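Visitor: no FASTA, just this:
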């Protein structure tokens, strides 16, 4: 039943039919991807682990009501994202760590001299340093490939807000990742909270 | 707003404004007027390219493997979730089921019954009254059913049952388990994925299942009489398996 060849949907059916290994097998298949989402969204490994545990338990309980028309991965994703968002909402009052002006602001080496691994680490680090409200939409839209509309739904915010938060975050990342020449970046990217008025004006539309 | 959207003057434009244009934040009529002017300006074009390169970086981010300890913790939580809510099963039924599963003959059945008798005979003297015991994560079915009777070469067959249990049996506490594991040079953080009293070749023992990396389980069988922090001889069996 839990052979490697089983599809995700087969595993869900087997789980609903009482196979004690089926759900664990499903989790094993997807846990790295879900871990990446949770960790990138919540940034704190402890919280990410808590959120994932919550998410997988609720998926375990809800699996019998899973409808085959949606992809198992999408369904799991949604549960994981919701568990992360619940945690983010709960800690909303906590301040976010601003993107450091020193440190990763200056890439240590020219981009073409870096290995893929180093690049990933740098991108990862820069992503983690974004404020939460920018990081969550960027993880969903730019890393996980969700549409703006889906992301807006998942995050419970307007589509315009998803777009403008992505725009703000990408501008910061472009600077930190060394894609913007320093001259332009220094002249044009304020440290944080830029053009708030202008942003509100567009977001309000 | 009045609908009379001003097209921001430039060049130069701020990186954020160009990022807004890039992300489709600007009202369509503003974007339509701004885009050709932005694309005609080398510096602004460079910013657009930088934003594209940033997107490529984000798309290319690899998955982050879940650390083993988190995977183990989630496995344990799911195993606990999968555990039946302490069904009341008659001893005969439990034995029949177990022997069907293990494919064992009547001889072992007798051994299992004998082992159970020994457990009953030994435990009253060594156990504290149950209402004084600290709340241990045991299931009542584990207390009423005889321990699984296993042979050394068939430990893997018990994984399903032991994963469903958090019954420390004669080891009583996670601390004692940790001490016994330490004695065998086995490091493990947190609770085992499953733990249950068993008999190994007819001898009372406790089997603990520990995480051992992706999809693998480490089965450790301990002798509750002799195991301890400085007693490697208390580890009766230690093997890693990959179920199915």
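Guide: Happy to help now that I have it. Worth saying up front: this structure is predicted, and the values here are computed from it rather than measured.
Visitor: you'd agree residue B:208 is in a helix?
Guide: No. The secondary structure assignment for residue B:208 gives strand rather than a helix, going by DSSP: H, G, I helix; E, B strand; the rest coil.
Visitor: Contacts only, for it.
Guide: Residue B:208 makes contact with B:162, B:177, B:181, B:192, B:194, B:195, B:219, B:220, B:222 under the criterion CB atoms under 8 Å, 6 or more residues apart in numbering or on different chains. For every residue, glycine as well, the C-beta is placed using N, CA and C.
Visitor: how about the nearest residue to residue A:176, chain neighbours excluded?
Guide: Nearest non-adjacent residue to residue A:176, counting by CB to CB, 6 or more residues apart in numbering or on different chains: residue A:126, 4.3 Å away.
Visitor: still on that earlier bit, biggest separation within the contacts of residue B:208, which pair?
Guide: Comparing all pairs in those by CB to CB, the longest separation belongs to B:162 and B:181, at 15.2 Å.
Visitor: Quick check on the two: which one has the bigger neighbour count.
Guide: When residue B:162 and residue B:181 are compared for neighbours, residue B:162 comes out ahead with 26 against 23, by other CB atoms under 10 Å in any protein chain shown.
Visitor: doesn't residue B:207 make contact with the more buried one?
Guide: Yes. Taking contact to mean CB atoms under 8 Å, the distance of 5.3 Å between residue B:162 and residue B:207 places them in contact.
Visitor: so what sits against both of these two?
Guide: Residues touching both residue B:162 and residue B:207 comprise B:148, B:195, B:196, B:198, B:219, with contact defined as CB under 8 Å, 6+ apart.
Visitor: From the contact counts, what lies against whatever helix or strand the third one lives in?
Guide: Going back to what we said before, that points to residue B:196. Following DSSP states H and E, the helix or strand that holds residue B:196 is strand B:194-200. Strand B:194-200 sits against helix B:106-126, strand B:148-150, helix B:159-163, strand B:203-211, with contacts defined as 3 or more CB pairs under 8 Å, 6 or more residues apart in numbering or on different chains; DSSP states H and E.
Visitor: quick one, that strand and strand B:203-211 angle?
Guide: Here strand B:194-200 runs at 150 degrees with respect to strand B:203-211, directions being taken by axes from the mean of the first three to the mean of the last three CA atoms, to 10 degrees.
Visitor: Quick one: low-confidence residue ranges for chain A.
Guide: Within chain A, the ranges that satisfy pLDDT under 70 run A:1-5, A:68-70, A:92-114, A:182-205.
Visitor: Which secondary structure state does the residue most central in space within it sit in?
Guide: Closest residue to the average C-alpha location of chain A: residue A:139 at 3.1 Å, with CA atoms, centre = their mean. Classification of residue A:139 by three-state DSSP places it in helix.
Visitor: Include pLDDT when you put the contacts of residue B:208 into CSV, please.
Guide: CSV is the format used below for the contacts of residue B:208 (pLDDT from 0 to 100):
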residue, pLDDT
B:162, 83
B:177, 90
B:181, 89
B:192, 81
B:194, 84
B:195, 89
B:219, 87
B:220, 91
B:222, 93
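Visitor: quick one: which of these has the most company?
Guide: Taking other CB under 10 Å to define a neighbour, the member of those with the most is residue B:222, carrying 31 neighbours.
Visitor: wait, what's in contact with it?
Guide: Contacts for residue B:222 were tallied using CB under 8 Å, 6+ apart; they are B:171, B:177, B:180, B:181, B:184, B:205, B:206, B:207, B:208, B:234, B:235, B:236.
Visitor: Chain A versus the third one, what's the distance?
Guide: Residue B:180 is 26 Å from chain A, where distance means CB to the nearest CB, to the nearest Å.
Visitor: so what's that residue up against?
Guide: Residues in contact with residue B:180, defined by CB under 8 Å, 6+ apart, are B:171, B:222, B:224, B:227, B:228, B:229, B:231, B:234, B:235.
Visitor: Retrieve the pLDDT associated with it.
Guide: The confidence metric pLDDT takes the value 89 at residue B:180.
Visitor: circling back: the residue nearest to the centre of chain A is in contact with residue A:130, isn't it?
Guide: No. Judged on CB under 8 Å, residue A:139 makes no contact with residue A:130 at a distance of 9.4 Å.
Visitor: any idea which of the helices and strands packed on strand B:194-200 scores lowest on pLDDT?
Guide: If the helices and strands packed on strand B:194-200 are sorted by mean pLDDT, helix B:106-126 sits at the bottom with a mean of 41.
Visitor: shaky segments in chain B?
Guide: B:1-5, B:83-145, B:189-190, B:213-216, B:242-244.
Visitor: If we use 90, what do you get?
Guide: Across chain B, residues meeting the criterion (pLDDT under 90) sit at B:1-12, B:61-65, B:75-176, B:178-195, B:199-203, B:209-219, B:228-233, B:237-244.
Visitor: mind giving me the domain ranges of it?
Guide: Using automatic domain parsing, the domain parsing of chain B gives B:15-59, B:68-241.
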